[in-house]
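Asker: Predicted model, plus sequence, below.
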Protein chains: 8
Amino acid sequence: MAWNVYLAGEIHSDWRERIAEGAKQAGLDVTFSSPVTDHGASDDVGVAILGKEDDAFWKDHKGAGVNAIRTQTLIRQADVVVVRFGEKYKQWNAAFDAGFAAALGKPIVTLHPPDHDHALKEIDRAAMATAESPDQVVDVLRYVLNGKLPTG
Amino acid sequence: MAWNVYLAGEIHSDWRERIAEGAKQAGLDVTFSSPVTDHGASDDVGVAILGKEDDAFWKDHKGAGVNAIRTQTLIRQADVVVVRFGEKYKQWNAAFDAGFAAALGKPIVTLHPPDHDHALKEIDRAAMATAESPDQVVDVLRYVLNGKLPTG
Amino acid sequence: MAWNVYLAGEIHSDWRERIAEGAKQAGLDVTFSSPVTDHGASDDVGVAILGKEDDAFWKDHKGAGVNAIRTQTLIRQADVVVVRFGEKYKQWNAAFDAGFAAALGKPIVTLHPPDHDHALKEIDRAAMATAESPDQVVDVLRYVLNGKLPTG
Amino acid sequence: MAWNVYLAGEIHSDWRERIAEGAKQAGLDVTFSSPVTDHGASDDVGVAILGKEDDAFWKDHKGAGVNAIRTQTLIRQADVVVVRFGEKYKQWNAAFDAGFAAALGKPIVTLHPPDHDHALKEIDRAAMATAESPDQVVDVLRYVLNGKLPTG
Amino acid sequence: MAWNVYLAGEIHSDWRERIAEGAKQAGLDVTFSSPVTDHGASDDVGVAILGKEDDAFWKDHKGAGVNAIRTQTLIRQADVVVVRFGEKYKQWNAAFDAGFAAALGKPIVTLHPPDHDHALKEIDRAAMATAESPDQVVDVLRYVLNGKLPTG
Amino acid sequence: MAWNVYLAGEIHSDWRERIAEGAKQAGLDVTFSSPVTDHGASDDVGVAILGKEDDAFWKDHKGAGVNAIRTQTLIRQADVVVVRFGEKYKQWNAAFDAGFAAALGKPIVTLHPPDHDHALKEIDRAAMATAESPDQVVDVLRYVLNGKLPTG
Amino acid sequence: MAWNVYLAGEIHSDWRERIAEGAKQAGLDVTFSSPVTDHGASDDVGVAILGKEDDAFWKDHKGAGVNAIRTQTLIRQADVVVVRFGEKYKQWNAAFDAGFAAALGKPIVTLHPPDHDHALKEIDRAAMATAESPDQVVDVLRYVLNGKLPTG
Amino acid sequence: MAWNVYLAGEIHSDWRERIAEGAKQAGLDVTFSSPVTDHGASDDVGVAILGKEDDAFWKDHKGAGVNAIRTQTLIRQADVVVVRFGEKYKQWNAAFDAGFAAALGKPIVTLHPPDHDHALKEIDRAAMATAESPDQVVDVLRYVLNGKLPTG
């Protein structure tokens, strides 16, 4: 059966597309899922659907609730959770997702540049693998599903 | 894969049909389930199948057991639980279902008129979203599944 | 070891005191816990501690969060959960607590007047016993702990 | 019985001491626990005990493993988890701890300045309360344990 | 999706066939499973496959192990567990299966003649419904799946 | 810390007293618990406390509910569950308790005469040890707690 | 539905192929899964994908992480876990997988030559069946799925 | 509160005593537990208590059952599990215990000479720390409990 792989974290670069494209070229039987990556929609969803808020805290709170329906359900359904930390922003929700996945016993793959190594040491320790590039994530998935090392 | 959405609570208005119709028009990959909404059948099922009771308490008890086979199984299978509180009646079973879903870690969406806000504050707090109309529930589901905000 | 008994529900009569007094007289090794029963404090706690809110919904939301820290923790620690439904009010949080306890596998004792029987049939079905008076709850606890029937 | 409260997150200010002092003055029956807050010891523990590493990644990895024995055990034992985010640093491990606690069903209190509100919206949404000051956390604990609002 | 219904207990009458036939006529979307009902095969399987035993206790032990692979897996996969107690034999494994299912939170339907009522009171109490005939079990399943009362 | 040992099953002989006496003489740090062994009280408890029933089924149902509060709580608290099957009666509740304990992962010791071996093969298979006498159960507990074989 | 059977342990003989071939001939509805059985790939995967290591310990550590993504996921998905111990090597990972499966409540079938009986007694005790040959494992699966004893 | 530390594995050297002595000197609030380390008693316990067996397999089986009551209960109660692999023997039960502990989410510390590194790579990967000497285990415990690095 297909593996469910949840792609958590940074939404400002094309890493999800690169992993999906690599998996497709490798012919992997994988279904990817992710949070809503349209930043504006993600920020506005609470008030856009459930009504305006004057207070920014509650606007965020409403939106975060709707987003959590999606993210927590998809993490629970996932066989593997990939968590990407980019160069910028706090990205605390990525770390939160990693902790959530860890407590559920989901295998985690972290994806980040090496200069985050020290700041991410607790999360990397909870992960089964730490990658620097989307290609490495594809290679990990190919091996995990098909038992094949990358060629070349 | 399709999401399982359980529609708990009030059975005296057409809110379930409105959500189902809205989800259909939005093309959402959702499977809805619900308690038995035929009030008479729901009340009588115990004695109708398993034999008469002289005592109203045990008539209710028998019927509630058969209904619980359905409701608890469907709540366990659900990805999202929507709980509707209407204008009338005690609706304690709706609140019970919400508590049951919460303890299982299911994301909850509550649906009720604003004048119930104070009485439902504990349940709204346990929910990820509180809606006033079936259309808002459809909008939440569209966003959760497809990442799209309502247009217009 | 002492049994932890959580007393959920109605806060407008002295039923908790009557159970505690009865248990004391019976010499039962029981520790009782309950939600905060000071209605005003319970309603105001969110804004009193964490800051004012203009919107009643968010005032309730804040307060319900703080109360949930107490109630959900105590329900998780409980060996038995007693849920009382009184004559008045919606009491949806009592029903929510019952559902929460049921999903955790906690044995439930419901306590309510017989005229609520039909409206509470789902919750009574999920309970191990349904009592009409605090004395009966004490009698249940005496039997459960010490194996003694009430005398006289 | 005493409540176990785990104090996760930032280790560069005296917020833990202030909460502990406040709880002591309030006479609360609370046992606090925390990660090792000696930054140097925390960073060096892996190599100090288990042998040198040339590679910084593995030095961090070793240390994070030993620290995780402490932190994950204490979070599992906790009744309440307070997570503090300070002004500086990435603090991804604080967010990871919050996610870990959330998936275990532990009630969370977040503690951070308001300017982090937007970046922490997902974690605040998963929390039962969001505080700005250690005093507010003490007030929450006083209410949760003793049902008393702050005077004054 | 189809419901999985496990039919536990007595293997000396045709009650399973009667339920399956009734469900088929009712057009129910149900998949039935059961223990191996060939009594001789069930008793001999351990030694027939894994080698002879001189001691009857270990012959039984071996066979019970192989049968448990089937029964415990199917009970875990079941949405509903029907447990039948017949007129004869100890049938302790039926009661064991009921206890196993109860602890897993599976809804149970018991099926037995009324003269077993007193001896089975603990198990009937743990069940959601108690039936006397296979037809009643079919009626329960029809209602649970389709919300329809029996006609006639 | 003391081990909790629950003594389930037959209530017509003095096997519990013999195990307790043996454990006391051996100086074992064990706390024993059991169902209510006063047969009359156990049968009557429902109606004696919660009100008369005309129908024997519901009389049993009420009583079984109250007894289940005790038995299921004590089984959940137990480290080891001993299940005794005597010479007479159906004793389906003993088998139910064994199944309940097995699904919770509790280690089980069965205690019964050898002529029940075939009828109890599924339950003996789920047990860690099968004893014929209370003395053997004491010997098992002595070894399990203190690592000592019986002398003599 | 098809049963998922995970084949853990020894990778130096053709036992997996023999089981798969036997199951195919028997027409069993089984899906087999296994660790990566290419020994070289399994040893090298960490450094081949995620970068070189000078230290053999960390090379192994990296590789074991990637392999664990596969093995732990497949064990969690399995209905039955077969664990094979061969004549040579330590095979501690086979024993680890058995312990992992046991704690998850998965039924285990061990497969090993009789001269390992004493050394494997704890693991055989945790298993539902102990086989000496792949044919016996096929026979167990045929019985478990189809209720048929081997003929001849 | 005191931490429970289970010391699994090799029983032919004094490593447990060295850890206990070191912890005592360090003043750690730790309670140690272990399997029965009297090899002869451990091998004979089944037949010594529950009756002779002609077949060595069943003698082992009986003994392993009684030992499992102790070991699985203590692992479930443990906060930390230390697993020691010595120079000799198969020690498959040590690896089984590690897998059992890992699936329960217990933090593991492995203790073995470096020449076992390759053979133990899967288990070391599942551990939070890998030590070579009992002193290192004591140092880990001191840090985990008290936050102190070893001096000297």
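Answerer: Looks like it arrived, so ask away.

Asker: For the rest of this, base every contact and every neighbour count on C-alpha atoms.
Answerer: OK.

Asker: what about the longest strand in chain A?
Answerer: Across chain A, the longest stretch assigned as strand under DSSP state E is strand A:3-9.

Asker: Figure out how far whichever strand or helix holds residue A:73 is from the centre of its chain.
Answerer: Take DSSP states H and E as the rule and residue A:73 turns out to sit in helix A:56-77. Counting by Cα atoms, centre = their mean, to the nearest Å, helix A:56-77 is centred 14 Å from the centre of its parent chain.

Asker: angle of the longest strand of chain A against helix A:56-77?
Answerer: Angle, strand A:3-9 to helix A:56-77, by axes from the mean of the first three to the mean of the last three Cα atoms, to 10 degrees: 160 degrees.

Asker: about what we covered before: wait, does the helix holding residue A:73 contact chain D?
Answerer: Yes: contact of helix A:56-77 with chain D (Cα under 8 Å from any Cα of the partner chain) involves A:57, A:60, A:61, A:64, A:65, A:68.

Asker: residues touching the second one, list them.
Answerer: Pointing back at residue A:60 there. Residues in contact with residue A:60, defined by Cα atoms under 8 Å, 6 or more residues apart in numbering or on different chains, are A:43, A:44, A:46, D:118, D:121.

Asker: on that earlier part again, take the residues of helix A:56-77 next to chain D and write them to JSON lines, including pLDDT and distance to residue C:146.
Answerer: Conversion of the residues of helix A:56-77 next to chain D to JSON lines gives the following (pLDDT from 0 to 100; distance: Cα to Cα, whole Å):
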{"residue": "A:57", "pLDDT": "98", "distance to residue C:146": "52"}
{"residue": "A:60", "pLDDT": "98", "distance to residue C:146": "53"}
{"residue": "A:61", "pLDDT": "98", "distance to residue C:146": "49"}
{"residue": "A:64", "pLDDT": "98", "distance to residue C:146": "49"}
{"residue": "A:65", "pLDDT": "98", "distance to residue C:146": "47"}
{"residue": "A:68", "pLDDT": "98", "distance to residue C:146": "47"}
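
Asker: need the residues you listed in TSV with distance to residue G:150, can you?
Answerer: Listed next are these as TSV, based on distance: Cα to Cα, whole Å:
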residue	distance to residue G:150
A:57	68
A:60	64
A:61	62
A:64	58
A:65	56
A:68	52
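
Asker: ok, for residue A:29, nearest residue in space, not its chain neighbours?
Answerer: residue A:2 (4.9 Å; Cα to Cα, 6 or more residues apart in numbering or on different chains).

Asker: Repeat that for residue A:19.
Answerer: Residue A:19 sits nearest to residue A:134 (Cα to Cα, 6+ apart), 5.4 Å away.

Asker: can you count the residues close to that neighbour?
Answerer: Neighbour count for residue A:134, taken as other Cα atoms under 10 Å in any protein chain shown: 21.

Asker: Please export the C-alpha coordinates of stretch A:41-48 as PDB.
Answerer: C-alpha atoms of stretch A:41-48 as PDB (Å, rounded to 0.1, in the frame of the first residue of the first chain):
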ATOM      1  CA  ALA A  41      -5.100  32.000   3.100                       C
ATOM      2  CA  SER A  42      -3.500  30.300   6.100                       C
ATOM      3  CA  ASP A  43      -3.400  33.600   8.000                       C
ATOM      4  CA  ASP A  44      -6.900  34.700   7.100                       C
ATOM      5  CA  VAL A  45      -8.900  31.600   7.100                       C
ATOM      6  CA  GLY A  46     -10.300  32.100  10.600                       C
ATOM      7  CA  VAL A  47     -11.900  35.400  10.000                       C
ATOM      8  CA  ALA A  48     -12.600  34.800   6.300                       C
END
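
Asker: quick one: contacts for the residue in chain A sticking out farthest from the centre?
Answerer: Taking Cα atoms, centre = their mean, the residue of chain A most remote from its mean C-alpha position is residue A:54, at 30.9 Å. Taking Cα under 8 Å, 6+ apart, we find residue A:54 in contact with no residue.

Asker: Compute the first-to-last residue distance for stretch A:113-131.
Answerer: End-to-end distance of stretch A:113-131 (Cα to Cα, to the nearest Å): 8 Å.

Asker: swap that for stretch A:4-15, please
Answerer: Taking Cα to Cα as the measure, stretch A:4-15 stretches 17 Å from start to finish.

Asker: How about that stretch and chain G, any contact?
Answerer: No: residues of stretch A:4-15 are not located near chain G by Cα under 8 Å from any Cα, the shortest gap being 11.0 Å.
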